[in-house]
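Enquirer: What shape does this take:
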Amino acid sequence: MFTARPLFSLALSVLFGELLFCPEIPLSLRFILLLSYLFYLKLILQKKKQILLLLSLFLFFFSSLHFQLVLSRFERQQRAIEQLLPFRCALKGTISYISENEKNYKISLENCLLDSSFGAIPKNLNEEQSKKWKARNHLPFQKIQVYLKKSETAEGKGEAKDDIAAKPPFYPGETILLHGKCLEIHSAMNEGEFSFLQYAKGEGIEAIFLAESSKTIASDSSPFLKLLYEIRWRISKDLEHLYPDPESTDRSSVSSPMNKSAFLKSLLLGEKSTLPEEERNLYQEAGIGHILAVSGLHLSLVGGACFSLLRFSGMEISSASLLSSFFILSYALFTGASGSTLRAAIMLFISLFGKCIGRGQDRISSLSLAIFLLLSFHPLYLYSSGFQCSFFTLFLLLLLSEREGKEERKLLSKKWEKAVKKRKFQSLILLLPSKCFEASKALFLFYLGLFPIFAILQYSFPTFAPLLNLLLLPLLPFFFLLGFLSVLFLHLPSVAFLSGFFAHALSVLLTFFHRLIEISLQLPYSSILLGKMKLSSLFFYLFFYYVLFLFPFKRRLKFFRATDCSKRINNPLPFFIILDLPIFKKNLRKIRILSYLLFLLSVPFFLHTPSRKLEITALYVGQGDGFLIQKGNFVFTIDNGSSSDKQFGKNTLIPYCKAKRIRRIRYALITHSDIDHTSGIQRILEENPASTATNFFYSENRLHIENLILPIQAREDHRYDILKRLALRHGAKLLYWKNGDVYSEDSSPSKFLPAMHSLHVMNHKAEEKTSLSLHCYYPVSDLPMEEANAHSIGCILRYGNFSMVFTGDMPAEAEKEMLYAIKKEGQSPSVDIVKLAHHGSKTSSSPLFLSETKGKFALFSYGKKNRYGHPHKITLEKCNSFGLIPLETAKLGEILIRTDGEDYQIITPCTPP
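Expert: Coordinates of the predicted model:
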């Protein structure tokens, strides 16, 4: 099926040429991909297509080289930007695309020149010095994304506010000069985090620039692009007028109002920046987030409608195809020309060209040509999640349409269409069960194929997404039609009243659909938490899925049986020899059904499963502390807060827990009340109040904390009042720790932790030799302390022969008291890993504490370029003098410590390149 399509072979060579040199893919998986590609080349060779083989090899090596050159240039540009981060710079470039929200403009600039010295070339430089100066200060970039506050433009200053004749301050094609600062493009420092660096690679963005002022220096913009932008800008304003923003409602309400203008801007114009984040997350969780990105569904609808109208008006096919192609290209540019949009546009162009010459379209070849062109001109599209999902989804649909039983399905469709045309209701009733069965089977197989994509990108599977998408498909044309008519009639004074009629009709339809989404998410098991699937698991899942459900066994087996016995040895799939045995011939159907069932039952094994070993994770939280201790399904957290990342809970902690399939945190320990130790836990407590405990949506998809542990001083300290109120509202039990309190997996529960009894019997026999315990040694009394750091909980984790000390932000005097308490109980303070107190401050980690703990590693948790100067030079010198090896979250990102109680290993899964 594939080797008969030359374009598929060429596209596959380009794709594999990039995949095999992608540094983010593990070497073991790249080796498997290489073997797969060599196997495919062998198939081409057996078909005696030497020219295709040579061309494929040439494209493979060419795409590999091209990809590495483009990637190395991108990395070079990132290193150049790092040098400019502290300075104000001047940026000059040509506008290629503009989007906006209430506060900012987001502008894409191309052919940029970034000047670190504001263009003031020093005088009295010779030619060689001038070249060196320009090379150091005048840096060229292909694409830079600019954020500019509206207050810095005429519109933002009110010069054109509420004016019907208002015009946008910028147009595509104009050259502008901006002053401001470059921002760092962050990679993901923790598992589950969004990687802006990967997003920037996929979009070709080499730098982010925060502009403070702007000036147009060349206004000779492209007339065509200017016209498109003016139309887009005017439609955006019309949508805001026709569909005003909903008024704020009570937060306690389950149903939230829909921002219809923002939704329609995203749907019709590709403008997602105005859509509220809560609403965007709602569509994503429901499994219909694809509607917000202009792709093949949108272009097919718009392009198909245009072609049909032109043909209905009597225009010839060639003329209608040409005009429709121009309209599709205009709409692609109109909406931003993303990778998925360009893919759809290329395929539509091929389809219309086929209509002109009277040829049908081979959609697999069309898709192959699209991926070949896009990756050849923009190799880093490989990193774009939108590009990946668009191609994978369509390719899966095409493979499903080519699976076994294609002729029978075509025959059934013809009978159905014939019965519909002749209105034979009796025939329709007879055909309905078969039609429904085939549709259900295709839908099930489609979402079974998409299952790993949800596990890779979203970490959860929306159970009712198939039904919502089935409802969305017939509604989408009405969204487009009513939205277009409401805007059109707004500019026709004689019939302007119709604009309000169509707007009201669309509002009712959108409200109904939005409410349906909310109801679906409140149903039992509306979403299944999957965790993040490994790339190796993804590969093997798709391999077995293809072999079982998409591979043409019957056709291959028939061909194999018709082949001469002397030639069978050359068959690339020798296992057909086994299938041809009499015992398999008789039971082939039963074997296939059994294989299907085994695959479905094995799906959980492809997902993330908690390790049987103990795992201690130090998250990179920015400036703060964050630790998760996990053994199987038991999770114990220590702190988790950040003062530098105000959205740490939403951006880091919750995504990490979703990626690790963590639903419940058995114990959340807060060492003290500072925000850089509490903000993440506070976010979790806020998101899931006890009043929603009966709501399946919240109970299945939101993190739940069973017990909140605070220092004993928190009983009377008002700084903990918010946490205590949120814990009670959340349904978490409040516990207070001081010296002598302990969590132990195999001992009787302490008086402060009465809920521990259920944990002691968990795998007691298996864990007879190695059990987990956390002993609290500080604070030593319940006396109030004015300084929060001074009553930080200090505890030691022990698991077999492994131990680690956690110290919060305790000062040196508290460390001394903690050592005394440990020795008083007859315990040794020596540990394997020391979590240094107060992020490496010079007021903590005293020589006495470091000498007594005798650690091998010192773990520093601090933020990059923090204003406190952590870790202090003195602390680093002390660690060096005691032979402690530093583990710094700011440099390594997430730090994972895995131990079986005897040996332990330290892993940094997100170390920046």
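Enquirer: How is the chain partitioned into domains?
Expert: In the domain annotation for the chain, the residue ranges read 6-73, 85-221, 535-606, 614-753+770-907 (automatic domain parsing).
Enquirer: deepest of the ones you listed, which one?
Expert: When you average the neighbours per residue for each of the domains of the chain (mean count of other Cβ atoms under 10 Å), domain 614-753+770-907 leads with a mean of 20. (Glycine included, C-beta is placed from N, CA and C.)
Enquirer: Could you tell me which ranges of this protein sit under the pLDDT cut-off?
Expert: Low-confidence segments of the chain, defined by pLDDT under 70: 1, 118-122, 152-166, 221, 247-256, 554-586, 690-701, 746-769, 912-913.
Enquirer: which residue is nearest the centroid of it?
Expert: Centrality entry for the chain: nearest residue to the mean C-alpha point is Leu457, 4.7 Å, by Cα atoms, centre = their mean.
Enquirer: quick one on the thing from earlier: relative to Leu516, which of the domains of the chain is closest?
Expert: Taking Cβ to Cβ as the criterion, domain 614-753+770-907 is the member of the domains of the chain that comes nearest to Leu516, at 14.1 Å.
Enquirer: gap between the two ends of that closest one?
Expert: Counting by Cα to Cα, to the nearest Å, the length from the leading to the trailing residue of domain 614-753+770-907 is 13 Å.
Enquirer: How far off centre is that domain?
Expert: Computed by Cα atoms, centre = their mean, to the nearest Å, the separation of domain 614-753+770-907 from the middle of its chain amounts to 28 Å.
Enquirer: quick one on the thing from earlier: need the domains of the chain in JSON lines (columns: distance to Lys422).
Expert: Shown next, in JSON lines, are the domains of the chain (distance: least, Cβ to Cβ, whole Å):
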{"stretch": "domain 6-73", "distance to Lys422": "40"}
{"stretch": "domain 85-221", "distance to Lys422": "51"}
{"stretch": "domain 535-606", "distance to Lys422": "33"}
{"stretch": "domain 614-753+770-907", "distance to Lys422": "47"}
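Enquirer: between those domains, which one is nearest to Ala419?
Expert: Minimum separation from Ala419 across those (Cβ to Cβ) falls at domain 535-606, 28.2 Å.
Enquirer: gap between the two ends of the closest one?
Expert: End-to-end distance of domain 535-606 (Cα to Cα): 10 Å.
Enquirer: can you give me the helices for the stretch 1-150 of the chain?
Expert: Listed from the start of the chain, the stretch 1-150 of the chain has helices (DSSP state H, counting those that start in this stretch) covering 6-19, 27-46, 50-84, 127-137.
Enquirer: what packs against the second one?
Expert: Contact analysis of helix 27-46 by 3 or more Cβ pairs under 8 Å, 6 or more residues apart in numbering; DSSP states H and E lists helix 6-19, helix 50-84, helix 535-545 as its packing neighbours.
Enquirer: contacting residues around the last one?
Expert: This means helix 535-545. By Cβ atoms under 8 Å, 6 or more residues apart in numbering, the surrounding residues in contact with helix 535-545 are 25-26, 28-29, 32-33, 448-449, 451-452, 455-456, 533, 599, 603, 606-607.
Enquirer: Could you do the first one as well?
Expert: Contact partners of helix 6-19, identified using Cβ under 8 Å, 6+ apart, comprise 2-3, 25, 30, 33-34, 37, 40, 44, 49, 52, 55-57, 59-64, 67, 364-365, 367-369, 371-372, 375-376, 379, 382.
Enquirer: Now do the buried residues in whatever helix or strand Phe353 lives in.
Expert: When secondary structure is defined by DSSP states H and E, Phe353 falls within helix 339-357. Burial within helix 339-357, assessed by neighbour count using 16 or more other Cβ atoms under 10 Å, is assigned to 339-353, 355.
Enquirer: which residues of the stretch 351-500 of the chain fall in helices?
Expert: With DSSP H, counting those that start in this stretch as the criterion, the stretch 351-500 of the chain has helices spanning 363-377, 385-401, 406-421, 425-457, 465-490, 497-522.
Enquirer: Just send those helices back as CSV, with distance to Arg234 too.
Expert: Conversion of those to CSV gives the following (distance: least, Cβ to Cβ, whole Å):
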stretch, distance to Arg234
helix 363-377, 31
helix 385-401, 27
helix 406-421, 42
helix 425-457, 35
helix 465-490, 9
helix 497-522, 14
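Enquirer: So which of those is nearest Ser844?
Expert: Among the helices of the stretch 351-500 of the chain, helix 425-457 comes nearest to Ser844, with 40.7 Å by Cβ to Cβ.
Enquirer: what helices or strands is that closest one leaning on?
Expert: For helix 425-457, the packing partners by 3+ Cβ pairs under 8 Å, 6+ apart come out as helix 385-401, helix 406-421, strand 460-462, helix 465-490, helix 535-545, helix 588-606.
Enquirer: Let's see that with 10 Å instead.
Expert: Contact here means 3 or more Cβ pairs under 10 Å, 6 or more residues apart in numbering; DSSP states H and E; on that basis helix 425-457 packs against helix 385-401, helix 406-421, strand 460-462, helix 465-490, strand 527-529, helix 535-545, helix 588-606.
Enquirer: Which among these is found nearest to Leu774?
Expert: Leu774 sits nearest to strand 527-529 of all the helices and strands packed on helix 425-457, at 26.3 Å, using Cβ to Cβ.
Enquirer: quick one: contacts of that closest one?
Expert: The contact list for strand 527-529, computed with Cβ atoms under 10 Å, 6 or more residues apart in numbering, reads 285-287, 451, 454-455, 458-465, 520-521, 607-608, 657-658, 660-663, 696-697, 700-701.
Enquirer: ok so Ser803 is a strand residue?
Expert: Yes - the assignment for Ser803, made by DSSP: H, G, I helix; E, B strand; the rest coil, places it in a strand.
Enquirer: need the contact list for it.
Expert: Ser803 makes contact with 773, 775, 796-797, 827-833, 853, 855, 899, according to Cβ under 10 Å, 6+ apart.
Enquirer: Which of these fall in strands?
Expert: Ser773, His775, Ile796, Leu797, Ile833, Thr899 (DSSP state E).
Enquirer: And the residues you listed, which is closest to Phe501?
Expert: Comparing those against Phe501 with Cβ to Cβ picks out Leu797 as the nearest, at 67.1 Å.
Enquirer: For the closest one, list each beta-bridge partner.
Expert: For Leu797, the residues forming beta bridges with it (DSSP bridges) are Leu774, Met804.
Enquirer: and the gap between it and Leu614?
Expert: Relative to Leu614, Leu797 is positioned 9 Å away (criterion: Cβ to Cβ, to the nearest Å).
Enquirer: shared neighbours, the two?
Expert: In terms of Cβ under 10 Å, 6+ apart, Leu797 and Leu614 are both contacted by the residues Ile629, Leu772, Ile897.
Enquirer: thinking again about what came up before, output the contacts of Ser803 in JSON lines, with distance to Lys150 appended to each entry.
Expert: Rendered in JSON lines, the data for the contacts of Ser803 read as follows (distance: Cβ to Cβ, whole Å):
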{"residue": "Ser773", "distance to Lys150": "57"}
{"residue": "His775", "distance to Lys150": "56"}
{"residue": "Ile796", "distance to Lys150": "54"}
{"residue": "Leu797", "distance to Lys150": "51"}
{"residue": "Gln827", "distance to Lys150": "62"}
{"residue": "Ser828", "distance to Lys150": "62"}
{"residue": "Pro829", "distance to Lys150": "58"}
{"residue": "Ser830", "distance to Lys150": "60"}
{"residue": "Val831", "distance to Lys150": "54"}
{"residue": "Asp832", "distance to Lys150": "54"}
{"residue": "Ile833", "distance to Lys150": "50"}
{"residue": "Thr853", "distance to Lys150": "55"}
{"residue": "Gly855", "distance to Lys150": "53"}
{"residue": "Thr899", "distance to Lys150": "53"}
